[in-house]
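Peer 1: fold the following for me, if possible:
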Amino acid sequence: MRTFRQHTKTLQPSWPFTGRRDELALVREALSTTRDGIVVTGPAGHGKTRLLTEAVRGADHTRVTGTPEARGLPFAAFAHLLPDTVSLHDAVRLLRSVRLLVVDDAHLLDEASAALVHQLAAHGRTRLLVAAVDEVPAPGAVARLWTGELLPRLALAPLPREDTARLLAAAGLEPLTAGRLHRVCRGDLRLLRDLVGALAADGRLTPVEGTDARAWRGPLPVTPAVRERLAPLLARSAPGERATLERLAFAEPLPLPMAGLDLGVLEHLEADGLIEVDDRGAVTLAHPLHGPALRATTGRLRARGLAPGADAYGAALDAERRTLVERIERLDVRPVPTPVGEWLVAEGMPLPPGYAAVRARYARLRGEVRDAAAWAREGLRRSPDDPGCRFELQCAQGRSDEAVGTRGRAAGTGGDEVHVLYEAVRLGVPEPAAGRLPAGSVLARHAEALAHGDGTALDQAAEALQERGLLLFAAEAHAQAVRAHRDPRAARRSRTRALALAGRCQGARTPALAGLTLDELTSRQRQIVTLAAAGLSNREIAERLTLSVRTVGNHLYGAYTRLGTGDREALPRLVEQRVAGPA
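Peer 2: Model prediction:
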């Protein structure tokens, strides 16, 4: 039987804690004996509660939570810790023995509870971890925790796209669905859970052929959470506002020219943050959730009158393709807006294979190999034998031998001499590329640095590759620098950079990265690291290898020093890269 741990706020299955390593380190540092705690703020649904829960896992602590229903009752949040009638002075005295206090939803505390939290912070004996939404006013005593510099403040940013993708991949969702959910939710993890649950319950997650993943195509499910976030739009009562919002929703992914809309209506909507107007007078909805939600809640007859034909997007899609091709030719694959292609996929409409192949290659050059495979599959849905999409799918899946056979027929995918020459550089063989790569290009600089065995120059080439968005190539150049450096400290820095970049490349496996992390460990260190990566505790490892717990700890400390990391959670990925070998 499969069981789930219930989230305390949503009563939905709890997902694994993902990302937030730097933020988690900051919060845990605040728990040290020399610190008084920290306040974590951010919009609702950004994961503040989950971060604090992870930070205090395994530690003795007391938790209180603010609730809107009890804001009129004194000391309501502390009712389980204090007698019915108590003064602020006595409450501080009674809680003196609490060494670690977690205060969730502090913006909802009643005034007495807020004052008590403030006094505990000022008293200095209780370490506090406080979470508060920064979009609504908080009690003055709570706000003064950070404005009065009693505690440091961590403003929690939205979960990055790559961490969201990793979270949703663990839930079995394919990359394009993960990207769509990330855009629509814009960091709201509660909404993310709500939508995934609704899609699964309604049977709207369909299997992706050739994979174990599932995809979402078609309309947005209108859940209670979606309606709650759509309420500011549905409540617009001024003449013309609702009609303007619906016109903008059905124009997506293209903007509407301001000239065809009522200026007075636009001014009101812009003032309320519901629309955005660019320098060219193009108008769009401000939040990516609003368009899909409005389209899903509009009646069929009105939707039919507002919806443009499928051919309306052809010119814009061609423009996106030309932009991607130009950027590929310039070896600059930093992110660019591609709303039309993403919208066509989201709506389940056929994607031209020429666009799909270029989009797949753009993603592959960025190191986003799972995204590349997904884009190639979208093109193959319409044209199962398209050579460009087949080539990109084989490359993304690491089936290099098959891809070589397809390369000559893959028009528009860039399978030219430069690509072949640079492949040799990536494999660690720069001689065939000597003098034959574009002069002065970042690829030529990489090849030259490798030929001279110059670790510093390889790191510099990697930085230039990263700046252009070529993250996988940058990771490989840093990995090659590890072996070229004579200074162990420089080698460790290169390894750390290579691992950080490789972690952003969606599990890409290449010869340059294979075995990178464990090469310099002793056989005993590799043995212990492998067991630790499998989830064994130091005591369990000691019992299995007939060692003392202290010896195991010493070996792990030495391994961490050589690997350039002190994070036990990173060990599974390091070991996986060792055993996976070339792609």
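
Peer 1: hey, where'd the helices end up in the stretch 151-300 of the chain?
Peer 2: Remark: helices assigned in the stretch 151-300 of the chain by DSSP state H, counting those that start in this stretch are 161-170, 175-185, 189-201, 224-234, 241-251, 263-271, 290-297, 300-306.

Peer 1: now swap in the stretch 301-450 of the chain and tell me
Peer 2: Shown for the stretch 301-450 of the chain, the helices assigned by DSSP H, counting those that start in this stretch span residues 314-329, 339-346, 353-365, 369-382, 387-396, 400-407, 417-426, 442-451.

Peer 1: tell me what the longest one is packed against?
Peer 2: With contacts defined as 3 or more Cβ pairs under 8 Å, 6 or more residues apart in numbering; DSSP states H and E, helix 314-329 has these neighbours: helix 339-346, helix 353-365. All C-beta atoms are positioned from the backbone trio N, CA, C, and that covers glycine.

Peer 1: which one of these is the most hemmed in?
Peer 2: helix 353-365 (a mean of 26; mean count of other Cβ atoms under 10 Å).

Peer 1: and it with helix 314-329, angle?
Peer 2: Helix 353-365 and helix 314-329 meet at an angle of 40 degrees, taking axes from the mean of the first three to the mean of the last three Cα atoms, to 10 degrees as the criterion.

Peer 1: can you offset everything so residue one is 56?
Peer 2: OK, 56 is where the count begins now, so the last one is helix 408-420.

Peer 1: how far away from the center of its chain is helix 408-420?
Peer 2: For helix 408-420, the gap between its own C-alpha mean and the chain's C-alpha mean amounts to 21 Å (Cα atoms, centre = their mean, to the nearest Å).

Peer 1: quick one: the helices of the stretch 206-355 of the chain as a markdown table, columns for mean pLDDT and distance to residue 367 too.
Peer 2: As requested, the helices of the stretch 206-355 of the chain are arranged in a markdown table below (pLDDT from 0 to 100; distance: least, Cβ to Cβ, whole Å):
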| stretch | mean pLDDT | distance to residue 367 |
| --- | --- | --- |
| helix 216-225 | 89 | 28 |
| helix 230-240 | 96 | 21 |
| helix 244-256 | 94 | 27 |
| helix 279-289 | 92 | 24 |
| helix 296-306 | 95 | 9 |
| helix 318-326 | 95 | 22 |
| helix 345-352 | 95 | 15 |
| helix 355-361 | 90 | 12 |
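
Peer 1: and these: which comes nearest residue 441?
Peer 2: Distances from residue 441 to each of the helices of the stretch 206-355 of the chain were compared using Cβ to Cβ; the minimum, 17.6 Å, belongs to helix 230-240.

Peer 1: send me that closest one as PDB with only the CA atoms.
Peer 2: Once non-C-alpha atoms are left out, helix 230-240 reads as follows in PDB (Å, rounded to 0.1, in the frame of the first residue of the first chain):
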ATOM      1  CA  PRO A 230       9.700  18.400 -19.400                       C
ATOM      2  CA  LEU A 231       7.300  20.400 -21.600                       C
ATOM      3  CA  THR A 232       4.500  19.900 -19.100                       C
ATOM      4  CA  ALA A 233       6.800  20.800 -16.200                       C
ATOM      5  CA  GLY A 234       7.800  24.000 -18.100                       C
ATOM      6  CA  ARG A 235       4.200  24.900 -18.600                       C
ATOM      7  CA  LEU A 236       3.300  24.300 -15.000                       C
ATOM      8  CA  HIS A 237       6.200  26.400 -13.900                       C
ATOM      9  CA  ARG A 238       5.200  29.300 -16.100                       C
ATOM     10  CA  VAL A 239       1.500  29.200 -15.000                       C
ATOM     11  CA  CYS A 240       2.200  28.900 -11.300                       C
END
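
Peer 1: just send the helices and strands packed on helix 369-384 back as JSON lines, with distance to residue 388 too.
Peer 2: Converted to JSON lines, the helices and strands packed on helix 369-384 look like this (distance: least, Cβ to Cβ, whole Å):
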{"stretch": "helix 394-401", "distance to residue 388": "15"}
{"stretch": "helix 408-420", "distance to residue 388": "5"}
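
Peer 1: now the ones you listed as CSV including distance to residue 387 and mean pLDDT?
Peer 2: Below are the helices and strands packed on helix 369-384 laid out as CSV (distance: least, Cβ to Cβ, whole Å; pLDDT from 0 to 100):
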stretch, distance to residue 387, mean pLDDT
helix 394-401, 19, 95
helix 408-420, 10, 96
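
Peer 1: secondary structure class for the residue lying closest to residue 75 once chain neighbours are set aside?
Peer 2: Nearest residue to residue 75 in three dimensions, chain neighbours excluded: residue 106, at 5.8 Å (Cβ to Cβ, 6 or more residues apart in numbering). The three-state label for residue 106, taken from DSSP: H, G, I helix; E, B strand; the rest coil, comes out as helix.

Peer 1: need the contact list for residue 106.
Peer 2: Contacts for residue 106 (Cβ atoms under 8 Å, 6 or more residues apart in numbering) come out as 75, 78, 79, 82, 95, 186, 211.

Peer 1: in helices, which of the residues you listed fall?
Peer 2: Secondary structure defined by DSSP state H assigns 78, 79, 82 of the contacts of residue 106 to helices.

Peer 1: wait, the first one touches residue 210, no?
Peer 2: No - between residue 78 and residue 210 no contact is recorded; they are 10.0 Å apart, counting by Cβ atoms under 8 Å.

Peer 1: turn the helices of the stretch 356-505 of the chain into JSON lines, columns for distance to residue 170.
Peer 2: Compiled in JSON lines, the helices of the stretch 356-505 of the chain are given as follows (distance: least, Cβ to Cβ, whole Å):
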{"stretch": "helix 369-384", "distance to residue 170": "56"}
{"stretch": "helix 394-401", "distance to residue 170": "49"}
{"stretch": "helix 408-420", "distance to residue 170": "53"}
{"stretch": "helix 424-437", "distance to residue 170": "51"}
{"stretch": "helix 442-451", "distance to residue 170": "58"}
{"stretch": "helix 455-462", "distance to residue 170": "66"}
{"stretch": "helix 472-481", "distance to residue 170": "62"}
{"stretch": "helix 497-506", "distance to residue 170": "59"}
